[in-house]
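Asker: Everything below, folded, please.
(one chain, ligands or ions: 1)
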Amino acid sequence: MRRASGFVLSTIRTTSFARRRSNGNFCSTPLPLPQMDHQSDSERYDFNPILRWNPEVERYFIHAYGADHFSRISAALTYPSRYSCIRVNSLKTTSDAVIEKLQGIIGETEIEGDQDKVECGGKASAGSPLEESWKDGRITKCKIPGLDYVVFVKGSGPCAIDYGCASGAPPKEVIVSRKCAEAVLRGAQVYVPGVLACSAHVEKGDTVAVSVALEQRMADGGWATGITRGTVLQGLQTGKKDIFCSDPHYSERRGLYIGQGKAMLSRAGLFRVTEGIAVDMNNRVFKLPSFHDVLEGEIFLQNLPSIVAAHALDPKKGERILDMCAAPGGKTTAIANLMEDEGEVVAVDRSHNKVLDIQNLAAEMSLTCITTYKLDALKSVSRANESIDSGVPQISNSVTPTEKQMSVHDGLCGDKNCVGNGNVFRDGKIDNSYVSQAHIRKNKRRMKNGPGKNHSVGGRVENSKGFSPCSFDRVLLDAPCSALGLRPRLFAGEDTIESLRNDATYQRKMFDQAVKLVRPGGVIVYSTCTLNPGENEALVRYALDTYKFLSLAPQHPRIGGPGLVGRYEFPDGYIEEWLKPGEEEYVQRFDPSAPLDTIGFFIAKFSVGSNSNV
Ligand SMILES: C[S@@+](CC[C@H](N)C(=O)[O-])C[C@H]1O[C@@H](n2cnc3c(N)ncnc32)[C@H](O)[C@@H]1O
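Answerer: Take a look at the predicted model:
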């Protein structure tokens, strides 16, 4: 079922026929037309996409991972994980109770994949820390120590689907956009805006095979699908092979079928209306259950590395935590849960609407220790004399930290720093008893008004002018990144070396802010969902070389692999330094091609020295 693991250059399987550009549109030439290939139906319809990369990025990643490994990573990225990972709201319920309810709701058989009597792959994950968890059945509690609040629901795929070609009749077809297909692979339906092309005589209720249009390299060096919305697909016009086909996109669909469903509209309707479900997918290449509206507030669908990142932060009850790039709030709520909703999790994001998402999620999970602000994380540190943390009473500057405490971050934490938001340092720790009284009152008010009423009444979002230096016990920087670890991903050509380096620069600036905001003796966790060492190991190198009072800290649990040691010299002479030997075991790198079958993810945890004089 899986493709051979040999490395495949991004240019392979480009369109098998020439294209020309006409009147600004990409058009397929009517000749030469694709000759029907001598492939079996299963070869044609097996889901077997090839991820295309920018060639320079590909070279860089091959240097980092080796050709074979990168080929496996690249292939794995085109698949979703073969299981769903659920974080249980342990303040409301238990994993056992959730498992019992889920067994009643989604059942043990619904996602078997044998409903169509075909074989599905991806069932085993030998060598994975999850292997133990799978022994108990399809819906199981995570057996990784410390993560018993995580529940797994096994899916399967890629499954071979019988598109009804045995009769020789070609299936009616719909081609969807890449974004639409990636969502469908994660379990969504096909919505009208995602439909690009459709067979000539599709009627409402018809069964249609769904495939995806992927970007291909154009003559001008750019990428495009070459399919204009509304294109009529001809497909095979007879069941016989060795005929010429008048459908210019026929060859491009090979290996890109993502399932089958029922057309909810006729062809004319599909291109007339602007919203609604276009195809109700009833047979997918990846069979994963849907958790839409299931046990709302009791569970949260979250990938395993994200749960591990929040856990690695190791937040304690009563602490003050900053989540610098928090929306939609997955890790924020995980942190609040670990703190048993006691203390304060300050969740900021620069997007107003995304802050509302955090508020809504906090309300849904009935978490009251979360305060949200709209803030550009690059301006997280308040400037002198600016009021901070709207709504939080300030304390007198006469309460100052000791000289030793102030010297810790020399230059970062000087002057009247280390006092802010009502927090005072005592014995190298934040004593937030003052602020917690205020927060206890505030939380009581919230509880009275109902969960989530804190900053979300009428969708209200408060702006923040930033926070005082050293005013947080722990900081999570789950940085915006190139997201090159997210799965399923069907195209990667748009990321260039330049865009990846820009991402890395942005993250360093954010990290600088995180360093200023954490107290001496505190903790910073930095995470990304990318495979790019420039945004991961190179950030760690920058952090350790720039801030001598930082050190890498061990993480619990540690189920990811080691980091990358080494460096890369770019064609322009710039040298990017990664980890040094000995550092690699401190970070966690989640590899999509590893048996754990997760998204690509990276976590580094830093301890902030409490008595270093830098
Ligand atoms: C990786 S996502 C965070 C996911 C989140 N931590 C979670 O687990 O649900 C990155 C977030 O950073 C936000 N972001 C990007 N640039 C930002 C900035 N300058 N300041 C604050 N937030 C920013 C984006 O809006 C996005 O929501």
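Asker: what's across from Lys154 in the sheet?
Answerer: Tyr83 (DSSP bridges).
Asker: Against which helices or strands is the helix ranked longest in the chain packed?
Answerer: The helix spanning the most residues in the chain, taking DSSP state H as the definition, is helix 497-517. Secondary structure elements in contact with helix 497-517, counted by 3 or more C-beta pairs under 8 Å, 6 or more residues apart in numbering; DSSP states H and E, are helix 55-65, strand 472-478, strand 518-528, helix 537-546. Glycine gets a C-beta too; all of them are placed from N, C-alpha and C.
Asker: Ok, which of those comes nearest Met365?
Answerer: strand 472-478 (17.1 Å; C-beta to C-beta).
Asker: counting contacts, what elements does the closest one pack onto?
Answerer: helix 304-313, strand 320-323, helix 330-338, strand 429-431, helix 497-517, strand 518-528.
Asker: Listing partners with orientation, what would you give for the second one?
Answerer: Pointing back at strand 320-323 there. Going by DSSP bridges, the partners of strand 320-323 are strand 344-349 (parallel), strand 472-478 (parallel).
Asker: Just the buried residues of that strand, please?
Answerer: 320-323 (16 or more other C-beta atoms under 10 Å).
Asker: average pLDDT across that strand?
Answerer: Mean pLDDT, strand 320-323: 98.
Asker: what's next to that strand, contact-wise?
Answerer: Outside strand 320-323, the residues that touch it by C-beta atoms under 8 Å, 6 or more residues apart in numbering are 313, 315, 331-332, 335, 339, 343-348, 380, 421, 423, 430, 432, 435, 467, 471-476, 478, 514, 517-518.
Asker: Swap in 6 Å and give it another go.
Answerer: 315, 332, 335, 344-347, 430, 432, 472-476, 517 (C-beta atoms under 6 Å, 6 or more residues apart in numbering).
Asker: And the furthest pair within the residues you listed?
Answerer: The widest separation within the contacts of strand 320-323 (C-beta to C-beta) is 18.9 Å, between Thr332 and Ile430.
Asker: Out of the helices and strands packed on strand 472-478, which is closest to Leu596?
Answerer: Ranking the helices and strands packed on strand 472-478 by distance to Leu596, with C-beta to C-beta as the measure, places helix 304-313 first at 7.3 Å.
Asker: Just the angle for that closest one relative to helix 330-338, thanks.
Answerer: 50 degrees (axes from the mean of the first three to the mean of the last three C-alpha atoms, to 10 degrees).
Asker: re the thing from before, could you dump the buried residues of strand 320-323 into CSV and include distance to the ligand?
Answerer: Shown next, in CSV, are the buried residues of strand 320-323 (distance: C-beta to the nearest ligand atom, whole Å):
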residue, distance to the ligand
Arg320, 18
Ile321, 12
Leu322, 11
Asp323, 6
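Asker: Closest one to Pro170 out of those residues, please.
Answerer: Asp323 (51.6 Å).
Asker: Write out the residues of the chain neighbouring the ligand.
Answerer: 306, 325-331, 348-351, 354, 376-378, 478, 480 (C-beta under 6 Å from any ligand atom).
Asker: Make a ChimeraX selection of whichever of those residues turn out to be buried.
Answerer: To isolate in ChimeraX the members of these that are buried, counting by 16+ other C-beta under 10 Å, one can use:
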select :306,325,326,327,328,329,330,331,348,349,350,354,377,478,480
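Asker: what is the orientation angle of the longest helix of the chain with helix 55-65?
Answerer: Using the same axes, to 10 degrees: helix 497-517 against helix 55-65 is 60 degrees.
Asker: Tell me which residue is most central in the protein.
Answerer: Centrality entry for the chain: nearest residue to the mean C-alpha point is Leu486, 4.8 Å, by C-alpha atoms, centre = their mean.
Asker: Need the mean per-residue confidence for stretch 254-263.
Answerer: 94.
Asker: oh, and call the first residue 292 from now on, that's how I've got it
Answerer: Got it, the first residue is 292 from now on, which makes the last one we talked about stretch 545-554.
Asker: Now do the buried residues in it.
Answerer: For stretch 545-554, by 16+ other C-beta under 10 Å, it's 545-552, 554.
Asker: same deal with stretch 504-514?
Answerer: Under 16+ other C-beta under 10 Å, the buried positions of stretch 504-514 are 504-508, 514.
Asker: Gly446 and Val576 touch, don't they?
Answerer: No - with contact defined as C-beta atoms under 6 Å, Gly446 does not count as touching Val576 (11.0 Å).
Asker: Wait, Val503 touches Ala472, no?
Answerer: Yes - using C-beta under 6 Å, Val503 is in contact with Ala472, at 3.5 Å.
Asker: Where does the stretch 392-541 of the chain get nearest to the ligand, which residue?
Answerer: Val441 (15.0 Å; C-beta to the nearest ligand atom).
Asker: how about the nearest residue to that residue, chain neighbours excluded?
Answerer: With C-beta to C-beta, 6 or more residues apart in numbering as the criterion, Val441 has its nearest non-adjacent residue at 3.8 Å, and that residue is Cys433.
Asker: What distance do you get for the one you found to Leu595?
Answerer: To Leu595, Cys433 is 8 Å away according to C-beta to C-beta, to the nearest Å.
Asker: Repeat that for Val481.
Answerer: 28 Å.
Asker: Which strand or helix spans Lys553?
Answerer: strand 548-554 (DSSP states H and E).
Asker: outside of that strand, which residues touch it?
Answerer: Under C-beta under 6 Å, 6+ apart, the answer for strand 548-554 is 336, 452, 472, 475-476, 493, 495, 497, 499-503, 570-576.
Asker: Strands - which of those residues land there?
Answerer: Using DSSP state E, the subset of the contacts of strand 548-554 located in strands is 499-503, 570-575.
Asker: which phi and psi does Lys670 have?
Answerer: phi -120, psi 40 (degrees, to the nearest 10).
Asker: Not counting sequence-adjacent ones, nearest residue to it?
Answerer: Gly757 (5.7 Å).
Asker: Report whether the expected contact of that neighbour with Arg674 is present.
Answerer: No - at 7.2 Å, Gly757 does not count as touching Arg674 under the criterion of C-beta under 6 Å.
Asker: More neighbours: which of these two?
Answerer: More neighbours surround Gly757 than the other of Gly757 and Arg674, with 24 against 9 (other C-beta atoms under 10 Å).
Asker: Point out where the stretch 492-641 of the chain drops to low pLDDT.
Answerer: Where the stretch 492-641 of the chain drops to pLDDT under 70, the residues are 526-537.
Asker: Can you verify Thr663 is assigned to a strand?
Answerer: Yes - secondary structure assignment places Thr663 in a strand (DSSP: H, G, I helix; E, B strand; the rest coil).
Asker: Which residues are in contact with it?
Answerer: 638, 646, 649-650, 746.
Asker: mind checking how far it is from the ligand?
Answerer: For Thr663, the distance to the ligand equals 12 Å [C-beta to the nearest ligand atom, to the nearest Å].
Asker: And that residue, what's its pLDDT?
Answerer: According to the model, Thr663 carries a pLDDT of 98.
Asker: Please compute how far the longest helix of the chain lies from its chain's middle.
Answerer: Its chain's C-alpha centre and that of helix 788-808 lie 18 Å apart, by C-alpha atoms, centre = their mean, to the nearest Å.
Asker: hmm, back to that, count the residues that sit near the residue nearest to Val441.
Answerer: 24.
Asker: Got the phi and psi for Gly469?
Answerer: Actually, residue 469 is Arg rather than Gly. phi -60, psi -50.
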